[in-house]
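K.L.:
sequence-free structure coming up:
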């Protein structure tokens, strides 16, 4: 049975694929949808088989096609005040509400809707679909999928369009990032004897305060030409969640948090990593000087390469032709586009919806933006068929 882009979005949003949970029900649906159209797809499961990415090739077995790339996971709705069921698309006053309508199951639906169009119009250049998992927790699901696409010898695409919400504007650059899972291990004593123990929380606070100092330092540096269009136009350090301690009168035995960097283009990630690990080693030595049992674990959590604007990039040229967009746009958030580019693809970001709606309660995409996305897909298929 043929499904419209809107019907596909309704179905995809109905799968509660929060990153902490499986996405296999959604992948089963997509696989079945493609199979019914006579299109073979390939799954790339995660290590424990609880999640999977999926990719497919439509059209002639030649190089030079276009990849439509999206992620299938969404952020949680826990603690958010929603006026509607977040996992049911609800239309009100020109807006389509639901978790993932904007980020980014709306685009996923548009990408899937391109498949029957491509088959009906007889495309001469290939269309490829690539759907990942775990984008929202560090872009960890796309790299094995991309590597599998390359290793299996799938015809090489000229262009990758990552459909993150950009209001259908062409985004050619974004910041890169690395993250660490931090575990400070202290030594418990009664707080009245604090100098004889080690508080994991108090020591962790020193690293977080160092991050504040570095952010202030970076904000005063001259802005480089490569960074000038970013907001903010400098590298930032951040801690968003923290957990630790047993009681108010015990030095904390443990403190856990995630520590991340967002890098502007042109800065050496290796130098930043070395500076960070040097600070961690300094604090660990301070802890061990009191109790040898104390220490710090800094486990790499993610590495998301930046998207670097390409000189005469094929992806940029194609999407500008389809959208008529001439302005240059960069964003400070990270995406899977940099991971495609890192593996030799020409990549660009362009998708419907406003990034300001991403992760918000009552997330929505406007009907008008979704229609613009449908027009983009139709024009893309026409171009591939020409």
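P.N.:
Perfect, thanks for sending it. What you are looking at is a predicted structure, and each value in this text was computed from that prediction instead of being measured.
K.L.:
what are the bridge partners for residue 129, then?
P.N.:
Going by DSSP bridges, residue 129 is paired in beta bridges with residue 56, residue 68.
K.L.:
Isn't it up against residue 115?
P.N.:
Yes - counting by CB atoms under 8 Å, residue 129 does reach residue 115; the two are 6.9 Å apart. The way it works is simple: take the backbone N, C-alpha and C, and place the C-beta from them, glycine included.
K.L.:
which residues do these two both contact?
P.N.:
Common contact partners of residue 129 and residue 115 (CB atoms under 8 Å, 6 or more residues apart in numbering): 34, 56, 58.
K.L.:
What helix or strand is residue 131 located in?
P.N.:
Under the criterion of DSSP states H and E, residue 131 resides in strand 127-132.
K.L.:
Name the next helix or strand downstream of that strand, please.
P.N.:
helix 142-151.
K.L.:
residues contacting residue 131?
P.N.:
27, 30, 53, 54, 55, 69, 70, 71, 72, 108, 111 are the contacts of residue 131 under CB under 8 Å, 6+ apart.
K.L.:
which residues does the residue nearest to the first one when sequence neighbours are not counted contact?
P.N.:
In this case it means residue 27. Nearest non-adjacent residue to residue 27, counting by CB to CB, 6 or more residues apart in numbering: residue 52, 5.0 Å away. By CB under 8 Å, 6+ apart, residue 52 lies in contact with 23, 24, 27, 43, 44, 45, 46, 133.
K.L.:
please redo it, this time with the cut-off set to 10 Å
P.N.:
22-24, 26-28, 30-31, 42-46, 72, 131-133, 141, 145 (CB atoms under 10 Å, 6 or more residues apart in numbering).
K.L.:
Least confident secondary structure element in the protein?
P.N.:
strand 329-331 (a mean of 91; mean pLDDT, DSSP states H and E).
K.L.:
for the stretch 101-250 of the chain, which spans come out with low pLDDT?
P.N.:
Within the stretch 101-250 of the chain, not a single segment meets pLDDT under 70.
K.L.:
What ranges does it have for its helices?
P.N.:
Along the stretch 101-250 of the chain, the stretches classed as helices by DSSP state H, counting those that start in this stretch are 105-121, 142-151, 200-219.
K.L.:
do you know which of those helices lies nearest residue 319?
P.N.:
Nearest of these to residue 319, taken as CB to CB: helix 105-121 at 13.2 Å.
K.L.:
Give the buried residues for the closest one.
P.N.:
For helix 105-121, burial by neighbour count (16 or more other CB atoms under 10 Å) applies to 105-119.
K.L.:
Out of those, which is nearest to residue 189?
P.N.:
Distance to residue 189 across these (CB to CB) is lowest for residue 105, with 50.7 Å.
K.L.:
three-state assignment of residue 91?
P.N.:
Of the three states, residue 91 takes strand under DSSP: H, G, I helix; E, B strand; the rest coil.
K.L.:
Contacts only, for residue 308.
P.N.:
Neighbour list for residue 308: 172-174, 176, 226, 265-266, 330, 337-338, 341-342, 347 [criterion: CB under 10 Å, 6+ apart].
K.L.:
Could you pick out the buried ones from those?
P.N.:
Here, 16+ other CB under 10 Å leaves 172, 173, 174, 176, 226, 265, 330, 337, 338, 341, 342, 347 buried among the contacts of residue 308.
K.L.:
Could you export the residues you listed as JSON lines, including distance to residue 38?
P.N.:
Shown next, in JSON lines, are these (distance: CB to CB, whole Å):
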{"residue": "172", "distance to residue 38": "35"}
{"residue": "173", "distance to residue 38": "38"}
{"residue": "174", "distance to residue 38": "36"}
{"residue": "176", "distance to residue 38": "39"}
{"residue": "226", "distance to residue 38": "46"}
{"residue": "265", "distance to residue 38": "43"}
{"residue": "330", "distance to residue 38": "40"}
{"residue": "337", "distance to residue 38": "30"}
{"residue": "338", "distance to residue 38": "33"}
{"residue": "341", "distance to residue 38": "32"}
{"residue": "342", "distance to residue 38": "33"}
{"residue": "347", "distance to residue 38": "28"}
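K.L.:
Pick the one among the residues you listed closest to residue 296.
P.N.:
residue 176 (24.2 Å).
K.L.:
what about the nearest residue to that closest one once chain neighbours are set aside, neighbour count?
P.N.:
Closest residue to residue 176 apart from its sequence neighbours, by CB to CB, 6+ apart: residue 306 at 3.2 Å. With neighbours defined by other CB atoms under 10 Å, the count for residue 306 comes to 24.
K.L.:
sorry, back to before: taking helix 142-151 as reference, get the angle to the strand holding residue 131.
P.N.:
140 degrees (axes from the mean of the first three to the mean of the last three CA atoms, to 10 degrees).
K.L.:
Show me how far stretch 23-36 is from its chain's centre.
P.N.:
Mean C-alpha position of stretch 23-36 versus that of the full chain (CA atoms, centre = their mean, to the nearest Å) differs by 22 Å.
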